[in-house]
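>>> The sequence and its predicted three-dimensional model are supplied below.
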There are 2 protein chains.
Amino acid sequence: MTTTTTFTQSLAAAWQKNNSLLCVGLDPEPTKFPIHLQGRPDAIFEFCKSIVDSTADLVCCFKPQIAYFAAHRAEDQLEALIAHIHGRHPGIPVILDAKRGDIGSTAEQYAIEAFERFQADAITASPYMGRDSVTPYLAYPDKGVILLCRTSNPGGSDLQFLDVGGGEKLFERVAKLVASEWNTTGQCALVVGATFPAEIARVRSIVGDLPLLVPGIGAQGGDIQATVEAGKTAGGTGLMISSSRAILYAGKDEGFAAASRQVALATRDAINRYR
Amino acid sequence: MTTTTTFTQSLAAAWQKNNSLLCVGLDPEPTKFPIHLQGRPDAIFEFCKSIVDSTADLVCCFKPQIAYFAAHRAEDQLEALIAHIHGRHPGIPVILDAKRGDIGSTAEQYAIEAFERFQADAITASPYMGRDSVTPYLAYPDKGVILLCRTSNPGGSDLQFLDVGGGEKLFERVAKLVASEWNTTGQCALVVGATFPAEIARVRSIVGDLPLLVPGIGAQGGDIQATVEAGKTAGGTGLMISSSRAILYAGKDEGFAAASRQVALATRDAINRYR
């Protein structure tokens, strides 16, 4: 990526180039790796690199989840992985799934971590601390910030479903705030879980063409047809539909990357059927 | 700490032993370090270690903010720092200020990061994703989870002040949920900013004796008297009042740690005046 291409532009270009709304989530769990990789000091990098290289022409973005690296002291492998994606597969944006959220002076440090250290193109963040907790990320004009709105886990409704006035739910208010007030520079997107298609449709009706990151298909059980029909824009894009475990662990032996490619291809095509 | 001492017990013991409600926040910013430390590869560790050793008898806990380490690729120095606190100053709990929040399978990885890798005694977390995003931390019975409730930044009110029914604000609902439903094992606490004393009092009225982590005195401008009077329990404890920059950067030369100690001592004593 050149410095003048924004996250949103890269995403739009990848949607077109790869004819894909699929985001492959990179959640490496070493105990699930093929035997021949286990025990290698760079196993996390090698595993993820193989998945990336076998699926890069099928995706609109990659989404490494930082906890899976941090739990194994593998920040250096995460740096190497993102550098590899940018070097080998230019134009495919990388979302650092970190769900950060803190006051401005600390958010500046998180922005350095995500955008300068790891060279991610976008970061996921929590909206709970409000607009000024997001501003430091927006100071990087070529980067994106993807705010949690309606999450795919059962407990997501504990707060997100609270009525904040006149029947409006908290996640709807977050969608409205982000789309109409926080997104002054076109850098924002939202996370809306695939497990709740009616709520994807509701968010889409609030936010216009804002990109939506949709985790929850695959292992979490979200339905592809319902997700796409609820979330697509008039142009048939607007979505980053994320699958992690179902793709990463499709195979168990030395052919694991080819098995992952088959699942990624089938998932991309299943998504495209409903665009 | 032995494995049978919980975070809450350690905190209560430190309140008594050091006669202190002061939490020293460790937010290392290398450009603010004394000249003699600048450029050293272990400058972050050495700076924080000096602050810790000069203030450990004056505090109820230490709170390293992980972004300030991650922005400088200094996770190894954070590990070493927490190990140093536990080894040299046993009984003083360490809160990893990380404000994490994710679905259960990912939260398990964050729990490994915080409690197994970094050996923290407690972690700060966001409530936005609901109860099941907190459960994996509670699986470590000797550890604590400190949920964001009312944060000290201006934008905190964007969501936290929304009326969720009958005049109840979102932060009040979070306080109620955590105290009455999520805290079944006595491992939870809440973050309530010092910049809003009336809201500290409101939270205290909702949560009984639940510990409150209160950032925002010092550089952020919170008032000590108002904070203590609003937040203390009947027993004159219940608070971890955090100060970072005002203590860390009190001095600029080789005597910086002694200068930090003087500010920490004055802050502890100012707090104790109103208990």
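Right, received. Where do you want to start?
>>> Just give the closest residue to A:Ala122, not the sequence neighbours.
With Cβ to Cβ, 6 or more residues apart in numbering or on different chains as the criterion, A:Ala122 has its nearest non-adjacent residue at 3.3 Å, and that residue is A:Gly144. Heads up, the C-betas are built off the backbone N, CA and C, glycines and all.
>>> how near is that neighbour to A:Val24?
17 Å (Cβ to Cβ, to the nearest Å).
>>> again, but for A:Val178
Distance from A:Val178 to A:Val24, by Cβ to Cβ: 25 Å.
>>> Which one of these two is surrounded by more residues?
A:Val24 (30 against 25; other Cβ atoms under 10 Å in any protein chain shown).
>>> Hmm, that one is touching A:Ala246, no?
No. Contact criterion Cβ atoms under 8 Å: A:Val24 and A:Ala246 do not qualify, at 10.1 Å.
>>> right, and A:Arg73 touches B:Leu78 too?
No. Counting by Cβ under 8 Å, A:Arg73 stays clear of B:Leu78, with 11.2 Å between them.
>>> neighbour-wise, which of the two wins?
B:Leu78 (25 against 14).
>>> Check the gap between the residue nearest the centre of chain A and chain B for me.
Taking Cα atoms, centre = their mean, the centroid of chain A lies closest to A:Lys63, which sits 4.7 Å from it. Counting by Cβ to the nearest Cβ, to the nearest Å, the gap from A:Lys63 to chain B is 12 Å.
>>> what's the answer for A:Gln77, then?
For A:Gln77 relative to chain B (Cβ to the nearest Cβ), the value is 13 Å.
>>> which residues sit in contact with A:Ala194?
Taking Cβ atoms under 8 Å, 6 or more residues apart in numbering or on different chains as the criterion, A:Ala194 is in contact with A:152, A:200, A:214-217, A:220, A:222-224, A:227, A:241.
>>> Swap in 7 Å and give it another go.
A:152, A:214-217, A:222, A:227, A:241 (Cβ atoms under 7 Å, 6 or more residues apart in numbering or on different chains).
>>> centre of the chain versus the lengthiest helix in chain A, how much separation?
The helix that spans the most residues within chain A, counting by DSSP state H, is helix A:256-272. How far helix A:256-272 lies from its chain's middle: 17 Å, per Cα atoms, centre = their mean, to the nearest Å.
>>> buried residues in it?
A:256-257, A:259-261, A:263-265, A:267-268, A:271 (16 or more other Cβ atoms under 10 Å in any protein chain shown).
>>> cool, stretch A:52-63 as well?
Neighbour-count burial for stretch A:52-63 flags A:52, A:54-63 (criterion: 16+ other Cβ under 10 Å).
>>> and that stretch, C-alpha only, in CSV?
This file holds the C-alpha atoms of stretch A:52-63, laid out as CSV (Å, rounded to 0.1, in the frame of the first residue of the first chain):
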residue,chain,number,x,y,z
VAL,A,52,-2.5,-16.1,4.1
ASP,A,53,-0.6,-17.2,1.0
SER,A,54,-3.3,-19.8,0.1
THR,A,55,-6.2,-17.5,0.5
ALA,A,56,-5.0,-13.9,-0.4
ASP,A,57,-6.8,-13.9,-3.8
LEU,A,58,-10.1,-14.9,-2.1
VAL,A,59,-10.4,-12.2,0.6
CYS,A,60,-11.1,-8.5,1.0
CYS,A,61,-9.0,-8.3,4.2
PHE,A,62,-7.2,-10.3,6.8
LYS,A,63,-7.9,-9.8,10.5
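>>> now it, how far from the centre of its chain.
On Cα atoms, centre = their mean, the centre of stretch A:52-63 falls 12 Å from the chain's centre.
>>> buried stuff in stretch A:73-90?
Those would be A:74-75, A:77-82, A:85-86, A:89, for stretch A:73-90 by 16+ other Cβ under 10 Å.
>>> returning to what we had before: contacts only, for the residue nearest to the centre of chain A.
A:Lys63 makes contacts with A:23, A:25-26, A:95, A:97, A:242, as judged by Cβ under 7 Å, 6+ apart.
>>> Thank you kindly, that will do.
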